[in-house]
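Engineer: okay, here's the prediction I keep looking at, along with the sequence it came from:
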Amino acid sequence: MAPRVLDLFSCSGGAGWGYHLAGFAVDGCDIVDRPRYPFPYHRGDALEYLAHLIATGEIGRYALVHASPPCQAGCALTVGTNASQGWGGAHEDLVAPTRTLLDCTGLPYVMEQPNGRAKIRKDLTLCGEMFGLGVLRHRNFELGRFGVARPAHPRHRGYVRGHRHGVRRDGPYVAAYGKGGGKATVPEMQAAMGITWTDVHEELTEAIPPAYTKWIGSAFLSCRQEVFA
C-alpha cells in the first residue's frame, strides 16, 4: 500500500501531483472549492482540519504532512507591490500556527513558502532551472524530522520574459504570475510548470511545480526504505 501524504492548503494540486509522481497516495485540504484538484479532498479550514485529525488520531494514517500556508503576509512580490501602490491591508501570517500543529502531529513534515519575509527555516530552496522547467519560481522548504539533499543548481540561462522596471526582455523563462506586461498565458504556464489538470489562471499562478515535491517525496521515501530495510 502506498504511503499517504496530507496536502494542506492544497490549492489546485501542484504539490500533491509531485508527491503522487513520487509514489504517495494524496489527500488534500483547502478552504476554497477546488473542483479540479486531482485527488481525494476535504473542503475546510486547513488548520482546523489538521487539529481534528490530531485529536481523533486519524493523523496516524499519514506518513508525511505538506503545508503551503497563504503567503501574502510574507511574499516578496506581494509585499513590494502592495507597499509601492498603497494597496492591501494586514494579511494574517499562518506560518507559526501551522508549524505548531505540524509539530503536534509527531510526523515528518514539509512547509513551503516563496522568497520573502516568511519566518521559516530554509532547509531546502528549489528553482525551476534545477529541473529544466520554463519558470524559475524559487521556493523555500522547511523540513521537519527529515532532510533532503539539494539538487545541483545550474546557472540561469537568461532572463524571465516580459517587462520589468520599464525594460522589456526576452528569455527562456516565463513569468507565471499576474497579467499583461509579457507575462505568461495559461497554456505557457501549464507547459512551463508541467501542470495539465487545471486551466484556471489564479490556480496556476499559485501552484508549486510538481517537480519540486516529486524530488522531496522521492528522497523521503528513499530514506524511509533505508530505515526499514
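Structural biologist: Great, that's in hand. Residues are numbered from 1 along each chain as shown.

Engineer: going forward, measure contacts between C-alpha atoms and count neighbours the same way
Structural biologist: OK.

Engineer: mind listing what R99 touches?
Structural biologist: By Cα atoms under 8 Å, 6 or more residues apart in numbering, the residues touching R99 are M111.

Engineer: just the pLDDT for it.
Structural biologist: We have a pLDDT of 98 for R99.

Engineer: ramachandran angles for it?
Structural biologist: phi -60, psi -40 (degrees, to the nearest 10).

Engineer: show me where this protein has strands.
Structural biologist: With DSSP state E as the criterion, the chain has strands at 4-8, 25-30, 41-43, 64-67, 109-114, 124-126, 139-144, 162-164, 167-169.

Engineer: which strand residues bridge H42?
Structural biologist: C29 (DSSP bridges).

Engineer: now M189: how far from G178?
Structural biologist: 11 Å (Cα to Cα, to the nearest Å).

Engineer: between those two, which has more neighbouring residues?
Structural biologist: Between M189 and G178, M189 has the larger neighbour count (other Cα atoms under 10 Å), namely 25 against 13.

Engineer: list the contacts of the more buried one.
Structural biologist: Applying Cα under 8 Å, 6+ apart to M189 gives the contacts V174, A176, I195, L204.

Engineer: do that again at 6 Å, thanks
Structural biologist: M189 makes contact with A176, according to Cα atoms under 6 Å, 6 or more residues apart in numbering.

Engineer: any idea how many residues pack against A55?
Structural biologist: A55 has 12 nearby residues by other Cα under 10 Å.

Engineer: what's the answer for A207, then?
Structural biologist: Neighbours around A207, by other Cα under 10 Å: 21.

Engineer: mind giving me the packing neighbours of the longest helix along the chain?
Structural biologist: In the chain, taking DSSP state H as the definition, the longest helix is helix 210-228. Secondary-structure packing of helix 210-228 (3 or more Cα pairs under 6 Å, 6 or more residues apart in numbering; DSSP states H and E): helix 14-22.

Engineer: low-scoring stretches of the chain, by residue?
Structural biologist: For the chain, the stretches flagged by pLDDT under 70 are 72-91, 227-229.

Engineer: got the strands of the chain as a markdown table, with mean neighbour count and distance to H52 columns?
Structural biologist: Shown next, in a markdown table, are these (neighbours: other Cα atoms under 10 Å; distance: least, Cα to Cα, whole Å):
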| stretch | mean neighbour count | distance to H52 |
| --- | --- | --- |
| strand 4-8 | 24 | 13 |
| strand 25-30 | 23 | 13 |
| strand 41-43 | 17 | 12 |
| strand 64-67 | 24 | 14 |
| strand 109-114 | 24 | 17 |
| strand 124-126 | 19 | 29 |
| strand 139-144 | 21 | 20 |
| strand 162-164 | 15 | 45 |
| strand 167-169 | 11 | 49 |
